[in-house]
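> Provide a 3D model corresponding to the input given below.
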Amino acid sequence: MEPQQLGPADAGEILTLQRAAYVTEAQAHDDLMMPALLQTLPELKQELADPACRALGLRAAGRLVASVRILTVDPATAEIRRLTVAPDRQGQGLGTTLLLAAEAGLPAAVTTVRLFTGERSLANQRLYGRLGYQETGRTPAGRYHLVHMAKQRALAPRP
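Model (predicted):
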């Protein structure tokens, strides 16, 4: 399975996957009002149409089973957003594959990659830690905290 670019035409499928994947997060954090569950189709289409946003996905037998969005915040910083894997495909390395592909596709000038996850998402935190992300802080989100993490990348040498 090779990551492929996704765009506004894939928004409905991405939104379906996103909602399915975030239900377990919402249950773990006792928060059914998570932004990932409330995002609308027009909002997602607008996000995917933004030139600063890139989306990647993995398909199995035509079905979208994982997706991620990457936002270039400034020339040196990118954010990984909404890394989602279908509940029946979690634990198979799809999230790792997409995260590594997202990082590999970043411009050479990007030296900082940021992301966040819920404090009760321990498997996510372990995954991000294995891939070099370190906790940079926590912010309250209702009855739990978001764990912010970042990874420093070496600046590519100039020819």
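
> helix or strand right after the lengthiest helix in the chain?
Ranked by number of residues, the top helix in the chain under DSSP state H is helix 11-29. Where DSSP states H and E defines the elements, the next helix or strand beyond helix 11-29 is helix 35-38.

> could you say what helices and strands the helix or strand following that next one packs with?
Once the chain leaves helix 35-38, the next helix or strand it forms, by DSSP H and E, is helix 41-49. When contacts are defined as 3 or more C-beta pairs under 8 Å, 6 or more residues apart in numbering; DSSP states H and E, helix 41-49 packs onto helix 11-29. In this view, the C-beta of every residue, glycine as well, is placed from N, C-alpha and C.

> State the distance from residue 108 to residue 78.
12 Å (C-beta to C-beta, to the nearest Å).

> out of these two, which sits in the busier spot?
residue 78 (27 against 11; other C-beta atoms under 10 Å).

> Spit out the contact partners of the more buried one.
Residues in contact with residue 78 (C-beta atoms under 8 Å, 6 or more residues apart in numbering) are 70, 71, 72, 106, 110, 112, 113, 114.

> now do 6 Å
For residue 78, the contacting residues are 70, 72, 106, 110, 113, by C-beta atoms under 6 Å, 6 or more residues apart in numbering.

> For it, list each beta-bridge partner.
On the basis of DSSP bridges, residue 78 is bridged to residue 72, residue 113.

> Show the model's pLDDT score for it.
In this model, residue 78 is scored at 97, pLDDT.

> got it, and residue 55?
Per-residue confidence (pLDDT) for residue 55: 97.

> re the thing from before, if we only consider the contacts of residue 78, which is nearest to residue 13?
When these are compared for distance to residue 13 (C-beta to C-beta), residue 70 wins out at 18.0 Å.

> hmm, back to that, alpha carbons of the longest helix of the chain, in CSV - could you do that?
Output of helix 11-29 as CSV, limited to C-alpha atoms (Å, rounded to 0.1, in the frame of the first residue of the first chain):
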residue,chain,number,x,y,z
ALA,A,11,-13.6,14.9,1.4
GLY,A,12,-16.7,12.7,2.0
GLU,A,13,-14.6,9.6,2.4
ILE,A,14,-12.0,11.3,4.6
LEU,A,15,-14.8,12.6,6.8
THR,A,16,-16.4,9.2,7.2
LEU,A,17,-13.0,7.7,8.2
GLN,A,18,-12.3,10.6,10.5
ARG,A,19,-15.6,10.2,12.4
ALA,A,20,-15.1,6.4,12.7
ALA,A,21,-11.6,6.7,14.0
TYR,A,22,-12.3,9.5,16.4
VAL,A,23,-15.2,7.8,18.2
THR,A,24,-12.8,5.8,20.3
GLU,A,25,-10.8,8.9,21.1
ALA,A,26,-14.0,10.7,22.1
GLN,A,27,-15.0,7.8,24.3
ALA,A,28,-11.6,7.6,26.0
HIS,A,29,-11.7,11.3,26.7
